[in-house]
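Student: Curious how this folds, go ahead:
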Amino acid sequence: MPTQPVSAVRGVKICGLTEEAGFDACLTHGADWVGFVFFDRSPRCVTPAQAKILSARHTGGPKRVGLFVHPDDDTLARVLDGVSLDVLQIYASFERAAEVHARFGVPIWLSQPVSVREDLPAQCPAAVARVLIEPKPPASATRPGGNAQQLNWELTHGWKPAFPWMLAGGLNPDNVAQAVAITGAPAVDVSSGVESAPGIKSPDAIARFIQNARSVSFSA
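Tutor: Coordinates of the predicted model:
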């Protein structure tokens, strides 16, 4: 089967931004989304005020994504009152995602932890704009998400969802090209994989990650 370049359409999200150098690197190197974590167990957690200060460094540019773990409406309202967000990325059920979308009218991304092929969703409710595919956290984990674990990318072989999705978990500048070549992911998400220390992004790693994510052709 011939290969087809998709670098022009592959999206890149850099998540867990806490400081100026990382945010500026996302702008310089053309990230599509920047993520702010509003979950206090994360070393990348920021307040709405901190996120607003970072976001105000540049109008326009990457869309701003807020990450929440089983948030209640009061939490979401408080954060949205403090900083403008283009997307709400949540850990919750499909039903709760629909409720949040109906309440706030902001595009919803829903995280979908996967350990076996049967965990890959076959459908996606209209209220969910994108599904994030990432590894299920280990039993000892204190927070959801990839926890720097790498998904078994072969699980996605032959999976051709009709809805937008994004690959996350254990990605870094050295493996993202292989990941998108195997999975055909239309978008990728990274946090710890481009850090020099927890919560501190490496501008060089961000540059290399974005370049490598967009440099691959794969079988469509």
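Student: going forward, measure contacts between C-alpha atoms and count neighbours the same way
Tutor: Will do.
Student: quick one, what contacts the residue positioned nearest the centre of the chain?
Tutor: The structure's the chain has its C-alpha centroid closest to D189; by CA atoms, centre = their mean the separation is 4.0 Å. Each residue near D189 by CA atoms under 8 Å, 6 or more residues apart in numbering is listed here: V12, K13, I14, C15, M166, L167, A168, G169, L171.
Student: can you rerun that using 10 Å?
Tutor: Going by CA atoms under 10 Å, 6 or more residues apart in numbering, D189 touches 11-15, 33-35, 132-134, 166-172, 176.
Student: Sitting in strands, which of these do you find?
Tutor: G11, V12, K13, I14, W33, V34, G35, L132, I133, E134, M166, L167 (DSSP state E).
Student: And the first one, what's its pLDDT?
Tutor: Note for G11: predicted pLDDT of 95.
Student: That one: neighbouring residues, count only.
Tutor: 20 (other CA atoms under 10 Å).
Student: how about it, what does it touch?
Tutor: Taking CA under 10 Å, 6+ apart as the test, what G11 contacts is 30-33, 166, 185-189, 210, 213-214.
Student: Which of those residues fall within strands?
Tutor: Reading strands off the contacts of G11 with DSSP E, I get W33, M166, A187, V188, D189.
Student: wouldn't the fourth one be in contact with W165 here?
Tutor: So the one you mean is V188. Yes - if you go by CA atoms under 10 Å, V188 and W165 touch, sitting 8.8 Å apart.
Student: Name the residue in those two with the higher neighbour count.
Tutor: When neighbours are counted by other CA under 10 Å, V188 and W165 differ, and V188 comes out ahead with 25 against 21.
Student: Give me the distance between that one and R103.
Tutor: Going from V188 to R103 by CA to CA, to the nearest Å gives 28 Å.
Student: can you check C45 too?
Tutor: 24 Å.
Student: more neighbours, those two?
Tutor: Neighbour totals were compared for C45 and R103, and C45 leads with 19 against 12 (other CA under 10 Å).
Student: thought that one was touching E19?
Tutor: No - C45 lies out of contact with E19 (CA under 10 Å); the separation is 11.3 Å.
Student: which residues do these two both contact?
Tutor: What both C45 and E19 touch, as defined by CA under 10 Å, 6+ apart, is the set A51, G199.
Student: does P186 really touch K13, like I thought?
Tutor: No - taking contacts as CA under 10 Å, P186 lies outside contact range of K13: 11.5 Å.
Student: and Q150, how many neighbours?
Tutor: Burial of Q150 is recorded as 17 neighbouring residues (other CA under 10 Å).
Student: Can you tell me how far it is from G170?
Tutor: Distance from Q150 to G170, by CA to CA: 4 Å.
Student: Residues that sit against both of these two, list them.
Tutor: By CA under 10 Å, 6+ apart, the residues touching both Q150 and G170 are E134, P135, A179.
Student: pLDDT score for the second one?
Tutor: I take that to be P135. For P135, the model assigns a pLDDT of 92.
Student: Count the residues that sit near it.
Tutor: P135 is flanked by 25 other residues according to other CA under 10 Å.
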